[in-house]
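# pasting a predicted model and its sequence here:
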Amino acid sequence: EPRCSLPLPVLGRDVTVPLVTGGEVAYAALDYAASAPALQRVWDDVAAYAPYYGSVHRGAGYLSQLSTDLFENSRATVAEFLDCRDGDQVVFTRSTTDSLNLLAAVLPAECQVFVFETEHHASLLPWHDAQVTYLDAPRSHDEAIRTVERALADRNPSPGSRLRSSRGGPHAPALVCVTGASNVTGELWPVRELAAAAHAHGARIVLDAAQLAPHHAVSVRESDVDWVAFSGHKLYAPFGAGVLAGRADWLQVAEPYLAGGGASRTVARRADGALQVEWHTTAARHEAGSPNVIGVYAIAAACKALTEAGFDSLVAREQHLIDTVRAGLAEVPEVRVLSLFGDDAPRVGVISFVVEGWNSSHFAAALSAEYGIGVRDGLFCAHPLVRILLGSDPQDAGECGAPEAGPGEPSLNAIRVSFGAGTPDEHVERFVAAVK
Ligand code: PMP
């Protein structure tokens with residue numbers, strides 16, 4: 001059985017929960033895809049730093065300088081963790097959602113955006129002010145690549161633009177947005193190939209790595225994506241901080257995402273009474289206000305801990321857990337695991353399923369109340385994808401929470417089990433036994 005050197009996270013201590021059947025049991029946190037428990041190492045690092053903090057970029061005192069160093073060193077740690085290219089910028093945000101909204105806010109004029117309908121709402125929705133093309137759900141990696149190629153080749157020519165696609169013809173700037181690992185099926189997407197397809201057609205690509213980065217090493221350089229976004233709270237750090245990293249050019253010239261102190265280099269009143277503002281061209285341009293230094297520092301601590309543990313051993317250990325869960329679920333005839341790319345697709349520890357004859361919300365509630373297992377039920381903020389996988393009516397107005405199926409009706413929502421670093425065998429074994 002593969003071992004992993006990372007100390008167990010689980011909030012730094014075991015949490016015991018009461019069961020409706022009587023007694024108590026150690027909580028099995030199997031909802032890492034929503035938020036992963038913070039690593040003990042991250043808590044320790046933050047606790048060691050917290051008593052000393054001072055204002056970042058704003059104070060002459062020793063502790064302010066120390067905070068500023070920790071903050072900027074965290075930026076360098078994240079750049080290293082993501083294997084960024086020289087000249088890439090790491091912007092600290094609140095979350096993946098915030099990062100993708102930031103990118104949407106800095107799109108050049110006339111930019112066309114291409115996004116699969118299968119994306120998480122955080123990658124599906126921020127582009128509403130741009131010209132968006134929604135791409136049909138592909139059923140294989142090849143189909144995903146062909147879909148992007150076709151969509152980019154067919155895009156509207158823009159007479160004013162100097163960009164040319166490989167098929168010739170001038171085109172407006174374009175951006176493809178794609179997830180690295182699905183928050184519903186856990187399946188990996190062919191990121192490198194999609195980046196190559198985007199670039200061959202003069203487009204750029206942003207990787208939603210919210211579910212990928214906690215499970216696999218992400219290399220901006222090797223995958224050749226233009227930007228990558230992820231959230232601290234899914235990467236074993238606490239809530240409240242996220243990252244957008246990648247090409248500086250669009251970021252440097254756009255209006256600041258947030259206007260305020262820290263983003264501006266100089267502000268002066270002109271003779272005509274108006275304000276003259278010179279904005280920073282560094283990441284600070286989009287980070288106005290006092291930053292979330294503890295959140296950022298915690299992300300850097302998580303990056304270091306994961307790098308030290310080594311993704312090879314983390315992946316091997318997680319694959320063992322994935323195999324256990326999938327083999328266990330396969331023994332239950334009423335269970336249907338949701339998949340876009342089929343059984344052999346490479347995946348992370350995120351598995352969604354429905355159980356024939358069961359309302360998914362009731363099933364998830366029973367796992368919690370009777371077994372102390374925390375999973376998620378619903379449409380996982382990926383409504384179009386879950387509806388496709390369930391074969392339900394795309395017009396069904398299901399909510400992010402738990403739409404109810406009537407007795408004997410097919411599920412309108414699903415159950416998701418997800419895990420990662422530090423998940424003990426006992427948790428997934430208890431889960432499989434409970435489902436059975
Ligand atoms: N993308 C994916 C693939 C996700 O799973 C999530 C979170 N469920 C997000 C984006 C959004 O992350 P956050 O809520 O941290 O902004």
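Thanks, I have it.
# okay, CA-based contacts and neighbour counts for the rest of this
Noted.
# by mean pLDDT, which helix or strand of this protein comes out lowest?
Lowest on mean pLDDT, DSSP states H and E among the helices and strands of the chain sits strand 163-164, with a mean of 50.
# for stretch 335-345, give me every contacting residue.
Stretch 335-345 is contacted by residues 138-141, 184-185, 187-188, 329, 351-356, 389-390 when judged by Cα atoms under 8 Å, 6 or more residues apart in numbering.
# my bad, stretch 110-120
The contact list for stretch 110-120 (Cα under 8 Å, 6+ apart) reads 123-124, 127, 130-137, 148, 151, 172-179, 182-183, 380-382, 384-385.
# filter those down to the ones near the ligand?
179, 182-183 (Cα under 6 Å from any ligand atom).
# out of these, flag the one nearest to the ligand.
Set against the ligand, the nearest of these by Cα to the nearest ligand atom is Asn183 (4.4 Å).
# these two touch, right, the closest one and His383?
No - counting by Cα atoms under 8 Å, Asn183 does not reach His383; the two are 11.5 Å apart.
# which one's more surrounded, the two?
Asn183 (26 against 23; other Cα atoms under 10 Å).
# contacting residues for the more buried one?
33, 120, 211, 350, 380.
# which of these are buried?
For the contacts of Asn183, a burial check counting by 16 or more other Cα atoms under 10 Å picks out 33, 120, 211, 350, 380.
# got a list of what Ile145 touches?
Contact analysis of Ile145 by Cα under 8 Å, 6+ apart lists 190, 193-194, 197.
# wait, which of those is closest to Val206?
Nearest to Val206 among these, counting by Cα to Cα, is Leu194 at 10.2 Å.
# you'd agree that closest one is up against Arg146?
No - look at Leu194 against Arg146 with Cα under 8 Å: they stay out of range, at 9.0 Å.
# more neighbours, these two?
A count of neighbours by other Cα under 10 Å puts Leu194 above the other of Leu194 and Arg146, at 28 against 15.
# work out for me the element the residue lying closest to that one once chain neighbours are set aside sits within.
Among residues not flanking Leu194 along the chain, Ile145 sits closest, at 5.6 Å (Cα to Cα, 6 or more residues apart in numbering). For Ile145, the host element (DSSP states H and E) is helix 141-153.
# pLDDT of that helix, averaged?
Helix 141-153 shows a mean pLDDT of 97.
# what parts of the chain come near the ligand?
Going by Cα under 6 Å from any ligand atom, the residues of the chain near the ligand are 34, 95-97, 120, 122, 179, 182-183, 208, 210-211, 231.
# out of those residues, give me the two with the largest separation.
Farthest-apart pair in those is Ser95 and Ser182; separation 16.9 Å (Cα to Cα).
# who has more neighbours out of the two?
Between Ser95 and Ser182, counted using other Cα under 10 Å, the more crowded position is Ser182 (28 against 23).
# let me know the pLDDT of the more buried one.
In this model, Ser182 is scored at 98, pLDDT.
# any idea which of the contacts of Ile145 is closest to the ligand?
Nearest member of those to the ligand, counting by Cα to the nearest ligand atom, is Pro190, at 14.5 Å.
# OK, contacts around the closest one?
Per Cα under 8 Å, 6+ apart, neighbours of Pro190: 141, 145, 180.
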